[in-house]
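sequence-free structure coming up:
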């Protein structure tokens with residue numbers, strides 16, 4: 001039995017708007033990350049001058065240099081994911097038939113970018129954070145259990161952050177590929 005819908009389903013409108021909002025935030029974040037990777041973090045200059053703070057700032061700058069490949073890669077991925085997200089949001093709100101296709105392209109590319117982010121986090125970011133932590137402690141090592149716990153928190157926090165960021169693209173795939181939204185997109189002329 002065919003499923004006909006003449007009005008835009010609310011889920012299409014809501015996700016179309018959210019696509020544009022989240023893509024805008026993603027673009028702003030990517031531009032800021034790119035700025036920091038190329039020019040440096042301007043907030044480090046606001047730190048009070050003291051020998052301890054100078055040493056901390058040097059460690060921070062050293063870490064930023066070590067994670068530059070991570071930062072540049074994740075920034076490029078954010079920019080690449082934002083493009084189909086913006087196209088999808090505009091096409092969905094303008095009631096274009098291929099809005100669903102573009103939304104699916106965004107969601108799949110976003111999930112692929114998350115996989116790359118996890119790999120880069122484990123191979124670049126977490127080792128750099130561990131090294132910076134050891135340097136902050138003057139090269140001395142923490143007791144085994146404390147070091148293990150700290151490493152677990154760093155890795156766990158990074159991985160949980162990536163998992164949470166997968167929620168929106170997964171919801172997009174699930175909600176827009178249900179019967180009613182798919183039928184609505186299929187009924188559109190353009």
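Structure's in. What do you need? This is a predicted model, so every value here is computed, not measured.

Against residue 117, how distant is the closest residue to residue 113 other than its chain neighbours?
On the basis of C-beta to C-beta, 6 or more residues apart in numbering, the spatially nearest residue to residue 113 that is not a chain neighbour turns out to be residue 77, at 4.1 Å. Placement of C-beta: from N, CA and C, glycine included. For residue 77, the distance to residue 117 equals 7 Å [C-beta to C-beta, to the nearest Å].

Which strands and helices lie in contact with the longest helix belonging to the chain?
Among the elements of the chain assigned as helix by DSSP state H, the one spanning the most residues is helix 10-39. The helices and strands touching helix 10-39, judged by 3 or more C-beta pairs under 8 Å, 6 or more residues apart in numbering; DSSP states H and E, are helix 68-93, helix 99-120, helix 167-176, helix 179-187.

just the angle between it and helix 68-93, please?
Angular relation of helix 10-39 and helix 68-93 on a 0 to 180 degree scale: 150 degrees, by axes from the mean of the first three to the mean of the last three C-alpha atoms, to 10 degrees.

Show me which helix or strand of the protein is least confident by mean pLDDT.
Every helix and strand in the chain was compared by mean pLDDT, DSSP states H and E; the lowest is helix 51-66, with a mean of 74.

Would you check the distance separating the host helix or strand of residue 155 from the middle of the chain?
Element membership of residue 155 [criterion: DSSP states H and E] is helix 144-165. Averaging C-alpha positions (C-alpha atoms, centre = their mean, to the nearest Å) puts helix 144-165 17 Å from its chain's average.
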